[in-house]
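# Sharing a model that was predicted from the sequence below.
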Amino acid sequence: MRFQPREIRLKDGRTCLLRPVTPEDAPEMIAFLRQVAGETDFLLRCPDEVTFTLEQEQEILGRILEDPASAMMVAVVDGNVAGNASIGGNASKRKVRHRCSLGIALKREFWRLGIGTALIQYLTELARQIGYRQMDLEVVADNERAQALYTRSGFVESGRRHNGMLFDDGTYHDEILMYKPLD
């Protein structure tokens, strides 16, 4: 989905640009994914699992940009990718087309500046424009900081996936399922 860029003011006074991710962003997005995957265990991928070629990432980003039922945005601070977030659903299935899933990641150096909140707020607006009526996500139960962000953003816990993640150190971690009503 194509949408208008938006500038926000961060808690430290800097400006952050929220804009659509484009195929031209592929090199930066691959580097971003590798970096954030190495900064926390709470993301779905490990750094070595970010294996997209430049061409594959360009294709993925182009597909998302042109999909009217998906949106992916990047947060740029001082010319650097600080974070990204996306929503997507399953528009081909009538029974679940009212729902979208949220994914979000921020570089550690940009935590606690308001970027996560701004990404979720803007994606909530876009989700409503698309016609979604509910936004879903999963969060590792140990990730209390993210849970607090999601709760402040209007998400409600709806369940738990026991041992939903197995970390490389051999420990299991539950996932909390959350949703946000959009209508």
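Arrived safely, thanks for sending. Numbers count the residues shown, from 1 in each chain.

# from here on, contacts and neighbour counts on C-alpha atoms
Will do.

# can you list the weak-confidence ranges in this protein?
Across the chain, nothing is flagged by pLDDT under 70.

# which residues in it form strands?
For the chain, the strands defined by DSSP state E occupy 6-9, 15-20, 71-77, 80-89, 99-106, 134-140, 156-166, 172-181.

# deepest of the ones you listed, which one?
Among the strands of the chain, strand 71-77 has the highest mean neighbour count (mean count of other CA atoms under 10 Å), at a mean of 23.

# Pull the residues that contact it.
Contact with strand 71-77 is made by 1-2, 14-21, 64-65, 81-88, 115, 119, 123, 126, as judged by CA atoms under 8 Å, 6 or more residues apart in numbering.

# other SSEs contacting the lengthiest helix in the chain?
When the chain is scanned for its longest helix (criterion: DSSP state H), the result is helix 115-130. Helix 115-130 sits against strand 71-77, strand 80-89, strand 99-106, with contacts defined as 3 or more CA pairs under 8 Å, 6 or more residues apart in numbering; DSSP states H and E.

# looking at those strands, which is closest to residue 32?
Distance to residue 32, taken as CA to CA, is lowest for strand 80-89 among the helices and strands packed on helix 115-130, at 7.1 Å.

# Which residue, other than its chain neighbours, is closest to the residue nearest to the spatial centre of the chain?
Closest residue to the average C-alpha location of the chain: residue 104 at 2.0 Å, with CA atoms, centre = their mean. Excluding the flanking residues, the one nearest residue 104 by CA to CA, 6 or more residues apart in numbering is residue 85, at 4.1 Å.

# then stretch 120-140 to PDB, C-alphas only?
Taking Å, rounded to 0.1, in the frame of the first residue of the first chain, the C-alpha atoms of stretch 120-140 are listed here in PDB:
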ATOM      1  CA  ILE A 120       1.500   1.600  15.700                       C
ATOM      2  CA  GLN A 121      -0.700   4.700  15.600                       C
ATOM      3  CA  TYR A 122      -0.100   5.300  11.900                       C
ATOM      4  CA  LEU A 123      -0.500   1.600  11.000                       C
ATOM      5  CA  THR A 124      -3.800   1.600  13.000                       C
ATOM      6  CA  GLU A 125      -5.000   4.500  10.800                       C
ATOM      7  CA  LEU A 126      -4.000   2.700   7.600                       C
ATOM      8  CA  ALA A 127      -5.500  -0.600   8.800                       C
ATOM      9  CA  ARG A 128      -8.900   1.200   9.300                       C
ATOM     10  CA  GLN A 129      -8.600   2.800   5.800                       C
ATOM     11  CA  ILE A 130      -8.000  -0.700   4.300                       C
ATOM     12  CA  GLY A 131     -11.100  -1.900   6.100                       C
ATOM     13  CA  TYR A 132      -9.600  -4.100   8.800                       C
ATOM     14  CA  ARG A 133     -11.700  -4.400  12.000                       C
ATOM     15  CA  GLN A 134      -9.100  -6.100  14.200                       C
ATOM     16  CA  MET A 135      -5.300  -6.100  14.500                       C
ATOM     17  CA  ASP A 136      -3.500  -9.100  16.000                       C
ATOM     18  CA  LEU A 137       0.100  -9.700  17.300                       C
ATOM     19  CA  GLU A 138       2.100 -12.200  19.200                       C
ATOM     20  CA  VAL A 139       4.700 -11.100  21.800                       C
ATOM     21  CA  VAL A 140       7.100 -13.200  23.900                       C
END
